[in-house]
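K.L.:
quick one, what's the 3D model for this:
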Amino acid sequence: MKLIDIQAALEAEVIIGADWLHRDANGACGADLMSDVLAFTKERAVLLTGLTNVQVIRTAEISDLVAIIFVRGKRPGKDVIQMAAEKEIPLMVSEYALYEACGLLYQQGLPGCSRQVARCE
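P.N.:
Reported below is the predicted structural model:
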């Protein structure tokens, strides 16, 4: 699924990376524990989270994630935005809660990254 389609499905505001929304996402992960993201997320996935600190960007870079979507209308600080721009990681903000946002993307056909879902690889 293209990031532009994810943005539309979540009615998300693009904070940084509008030029990168042509990229494909192979799956999605919803988490606030970055250790879970490191352990269970597949490459080329989108991270949906309520955390807005620089650890999210570092985790996304290590895990080869294609975008970060902050849920519940949470907005990252300038340091997070600057780091994401340097790493070319698109950032978006959605007003949906984490559960709802993940459900909407799953409903649109974007798989999760659980071990039971082979399509996310």
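
K.L.:
ranking helices and strands of the chain by mean pLDDT, which lands last?
P.N.:
When each helix and strand of the chain is scored by mean pLDDT, DSSP states H and E, helix 34-40 comes last, with a mean of 88.

K.L.:
now do the buried residues in it.
P.N.:
Using 16 or more other CB atoms under 10 Å as the test for burial, helix 34-40 gives 34, 37, 40. C-beta coordinates here come from the backbone N, C-alpha and C atoms, glycine included.

K.L.:
pretty sure Phe40 contacts Cys113?
P.N.:
Yes. Counting by CB atoms under 8 Å, Phe40 does reach Cys113; the two are 6.0 Å apart.

K.L.:
now do the shared contacts for the two.
P.N.:
By the contact definition CB atoms under 8 Å, 6 or more residues apart in numbering, Phe40 and Cys113 are jointly contacted by Cys29.

K.L.:
helices or strands next to the least confident helix or strand of the chain in the packing?
P.N.:
Helices and strands touching helix 34-40, by 3 or more CB pairs under 8 Å, 6 or more residues apart in numbering; DSSP states H and E, are helix 54-63.

K.L.:
hmm, who's touching the helix it packs on?
P.N.:
Contact with helix 54-63 is made by 34, 37-38, 41, 43, 45, 47, 49, 65, 68, 76, 79-80, 83-84, 87, 89, as judged by CB under 8 Å, 6+ apart.

K.L.:
make a ChimeraX selection of the buried ones in those residues.
P.N.:
A single ChimeraX command selects the buried members of those (16+ other CB under 10 Å):
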select :34,37,41,45,47,49,65,68,76,80,83,84,89
